[in-house]
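> Here is my input, please return the structure:
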Amino acid sequence: MEKLNANTDYPLYEKHPELIKTQTGKSIDEINMENILSGKVMPSDCRISAETLVYQAEIQESFGNPAIGANFRRAAEMTRIPDDRIIQIYNRMRPHVSTKEELLAIAEELETQYDAKINAALLRETAEVYEERKMFRVD
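Numbering: from 1, shown residues only. This is a model prediction of the structure:
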C-alpha cells in the first residue's frame, strides 16, 4: 500500500477502518463494551499497533505536520518495548539521574534489542544536551 494521504485517507477510521488494528490483531469494531464484558476483549487487546501509529504518522506528515508524524513514529517503535522497561528508561532520563555512559548504553539497547532507532537517536541527543548543560549524575 502507498503512503496514506490526509486528502484521501483522513480520518482513518472513516476512510480505512480495516487498517486500524490492535497489537493482537483485533479490529477497531471488535473493541466494544459487549466484547469487553463477555471476555472476548482483554486489556492486551486494547493496545494500538505499530502499523496504525505509522499510518497516523503518514497522514500527519501529508498534512504538513512532520513533528507530529515523528511523534507517532516514535510511539510506533515504543510498542515493541515492554511497559516496565519504558518506565525504567523514562526514570533514567531525568536530569542528574544517569551518567552519559548509562544513557548511551540504553540508546544502544533500544536500537539493537528493540529496533527503536528513532528513540535511540532521541536518547543520544538527550545525552548531548545533558553534557552541554552539565545535567549528568555526579558520582
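> where along the protein do the helices fall?
6-9, 12-15, 33-38, 50-63, 66-78, 83-92, 100-113, 117-132 (DSSP state H).
> Go through those helices and name the closest to Asp139.
Closest approach to Asp139 among those (Cβ to Cβ): helix 100-113, 11.0 Å. C-betas here are computed from N, CA, C, even on glycine.
> Which strands or helices does that closest one pack on?
Here helix 100-113 touches helix 83-92, helix 117-132, going by 3 or more Cβ pairs under 8 Å, 6 or more residues apart in numbering; DSSP states H and E.
> TSV please, covering the helices of the chain and showing distance to Asp139.
Shown next, in TSV, are the helices of the chain (distance: least, Cβ to Cβ, whole Å):
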stretch	distance to Asp139
helix 6-9	50
helix 12-15	48
helix 33-38	49
helix 50-63	38
helix 66-78	30
helix 83-92	15
helix 100-113	11
helix 117-132	15
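> Mean neighbour count added to those helices, as JSON lines?
As requested, the helices of the chain are exported to JSON lines (neighbours: other Cβ atoms under 10 Å):
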{"stretch": "helix 6-9", "mean neighbour count": "13"}
{"stretch": "helix 12-15", "mean neighbour count": "12"}
{"stretch": "helix 33-38", "mean neighbour count": "11"}
{"stretch": "helix 50-63", "mean neighbour count": "20"}
{"stretch": "helix 66-78", "mean neighbour count": "17"}
{"stretch": "helix 83-92", "mean neighbour count": "12"}
{"stretch": "helix 100-113", "mean neighbour count": "16"}
{"stretch": "helix 117-132", "mean neighbour count": "16"}
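> Export those helices to JSON lines and append columns for distance to Ser44 and mean pLDDT.
Formatted as JSON lines, those follow (distance: least, Cβ to Cβ, whole Å; pLDDT from 0 to 100):
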{"stretch": "helix 6-9", "distance to Ser44": "28", "mean pLDDT": "93"}
{"stretch": "helix 12-15", "distance to Ser44": "21", "mean pLDDT": "94"}
{"stretch": "helix 33-38", "distance to Ser44": "12", "mean pLDDT": "96"}
{"stretch": "helix 50-63", "distance to Ser44": "15", "mean pLDDT": "96"}
{"stretch": "helix 66-78", "distance to Ser44": "16", "mean pLDDT": "98"}
{"stretch": "helix 83-92", "distance to Ser44": "11", "mean pLDDT": "97"}
{"stretch": "helix 100-113", "distance to Ser44": "21", "mean pLDDT": "98"}
{"stretch": "helix 117-132", "distance to Ser44": "22", "mean pLDDT": "98"}
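> No further questions, thank you.
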